[in-house]
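Engineer: only geometry, no sequence info:
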């Protein structure tokens with residue numbers, strides 16, 4: 001019996017790992033100062049929800065084999081301080097995942113964009129073909145109860161590799177922990193300016209990551225990304241380098257079709273970026289012994305990762321997409337996908353600036369022209385959210401200039417945004433909602449007005 005304690009157990013990744021270890025028979029405990037659904041109900045289902053919210057140093061004792069520290073915790077967290085005082089083993093989330101998988105074949109999906117979708121595509125195909133693997137992915141998948149699986153009887157694990165910091169006391173990128181046997185890098189686009197204020201430093205971490213691939217391993221990389229291509233070609237490790245490019249595709253009546261040796265393959269996802277994601281997933285599946293014919297058959301039923309360009313309404317000419325996109329490269333890809341799929345409809349985009357990077361005045365110019373192909377572009381950000389992040393307000397004029405669109409509508413008060421959208425007709429239109437937030441409590445049901 002292993003005794004594991006989670007500090008900040010309510011996190012999206014943390015609670016899934018807690019459940020996975022519980023299923024292995026470990027004794028799991030945890031704390032958090034606030035827990036929301038779906039984490040709350042999932043932890044409650046398995047008897048892992050803390051009885052009281054808050055931090056309780058008395059929970060920390062010498063019988064604990066490992067403490068797993070989540071990003072939500074602070075360096076001065078009282079439970080963390082007690083664990084240090086007792087000399088307990090303290091792990092970041094990715095560090096502990098490596099401990100669990102160090103005897104497995106590790107496949108890691110990395111890159112600035114698309115990693116959740118590529119990982120989801122791989123797992124969808126393997127599941128359809130009855131190939132069991134362990135995994136960790138950052139989005140809920142249909143047919144998968146939790147997003148972490150750790151079964152010691154399986155010899156392969158698929159890991160979504162995040163380049164963000166490992167923990168509040170470990171500023172190494174998460175991907176540096178995994179030491180993959182096979183890895184995908186989907187591309188490099190500057191992000192996380194609060195932790196990587198210099199673009200070259202952010203880019204170079206992927207060059208460093210390539211050097212962590214196990215000897216004899218495989219690097220699958222997007223050869224259309226010039227910086228990544230250079231890093232891959234210059235790497236000196238004993239690895240097999242496998243480039244990929246956007247496969248041929250066509251669109252018919254808002255449906256994307258891959259042109260393959262198996263004929264045209266209809267898909268349920270949109271956009272050139274998703275065609276690239278599919279090609280990356282195919283390359284990985286090939287390394288796992290999946291034939292192309294089986295891959296293309298299975299990928300046809302993939303409807304996308306949760307909140308990734310997810311179609312939530314389509315009736316009487318009105319279409320609504322909800323997308324997690326917030327970084328410039330992701331925003332540009334989602335806008336292009338929708339514009340290409342619906343050339344005869346009016347496309348209205350609503351982007352919420354919600355992250356540290358997107359609200360940084362020095363990072364804003366990265367959004368230049370990203371919304372120019374839509375018919376109406378709207379940007380919302382909350383000065384209140386900026387105050388919580390201890391950031392200075394941004395004048396509307398700066399946002400308009402950064403996006404390089406004079407007719408850009410900018411809202412800073414949620415009630416004004418809601419009033420505008422609720423009173424607007426979306427007849428024969430596509431509404432593209434892009435945010436990692438919720439637009440100050442926007443009611444999506446009130447937007448469904450195709451009449």
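Structural biologist: Done, it's in. Keep in mind the model is a prediction, meaning the values are calculated, not measured.

Engineer: please make it C-alpha for all contacts and neighbour counts, starting now.
Structural biologist: Fine.

Engineer: hmm, which helix or strand of this protein has the shakiest average pLDDT?
Structural biologist: In the chain, the helix or strand scored least confidently by mean pLDDT, DSSP states H and E is helix 383-388, which has a mean of 77.

Engineer: C-terminal to that helix, what's the next element?
Structural biologist: Per DSSP states H and E, the first helix or strand lying C-terminal to helix 383-388 is helix 396-403.

Engineer: tell me how far that following helix lies from the chain's centre.
Structural biologist: The chain centroid and the centroid of helix 396-403 are separated by 27 Å under Cα atoms, centre = their mean, to the nearest Å.

Engineer: I'd like the average pLDDT over the helix or strand that that helix is followed by.
Structural biologist: From helix 396-403 onward toward the C-terminus, using DSSP H and E, the following helix or strand is strand 409-411. Averaging the model's pLDDT scores along strand 409-411 yields 96.

Engineer: tell me which residues of the next helix or strand after strand 409-411 come out buried.
Structural biologist: Per DSSP H and E, the first helix or strand lying C-terminal to strand 409-411 is helix 414-422. Residues 414, 417, 418, 421, 422 are the ones in helix 414-422 that count as buried (16 or more other Cα atoms under 10 Å).

Engineer: same check, this time on stretch 317-333
Structural biologist: Buried, per 16+ other Cα under 10 Å, within stretch 317-333: 318-333.

Engineer: which of those sits closest to residue 277?
Structural biologist: Residue 277 has its nearest neighbour among the buried residues of stretch 317-333 in residue 333, at 11.8 Å by Cα to Cα.

Engineer: list the residues that contact that closest one.
Structural biologist: 271, 272, 273 (Cα atoms under 8 Å, 6 or more residues apart in numbering).

Engineer: ok, so of these, who is nearest residue 218?
Structural biologist: Distances from residue 218 to these, taken by Cα to Cα, are shortest for residue 273, at 22.2 Å.

Engineer: and what about the closest one, helix, strand or coil?
Structural biologist: helix (DSSP: H, G, I helix; E, B strand; the rest coil).

Engineer: what does the one 10 residues further on give?
Structural biologist: Here residue 283 is recorded as helix under three-state DSSP.

Engineer: still on that earlier bit, how about a markdown table for the buried residues of helix 414-422, with distance to residue 61 and pLDDT added?
Structural biologist: Output for these, formatted as a markdown table (distance: Cα to Cα, whole Å; pLDDT from 0 to 100):
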| residue | distance to residue 61 | pLDDT |
| --- | --- | --- |
| 414 | 46 | 93 |
| 417 | 50 | 95 |
| 418 | 50 | 95 |
| 421 | 53 | 94 |
| 422 | 54 | 93 |
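
Engineer: which of these sits closest to residue 432?
Structural biologist: Looking across those and measuring by Cα to Cα, the closest to residue 432 is residue 421, at 12.2 Å.

Engineer: confidence score at the closest residue to the closest one other than its chain neighbours?
Structural biologist: Nearest non-adjacent residue to residue 421, counting by Cα to Cα, 6 or more residues apart in numbering: residue 447, 7.0 Å away. On pLDDT, residue 447 comes in at 91.
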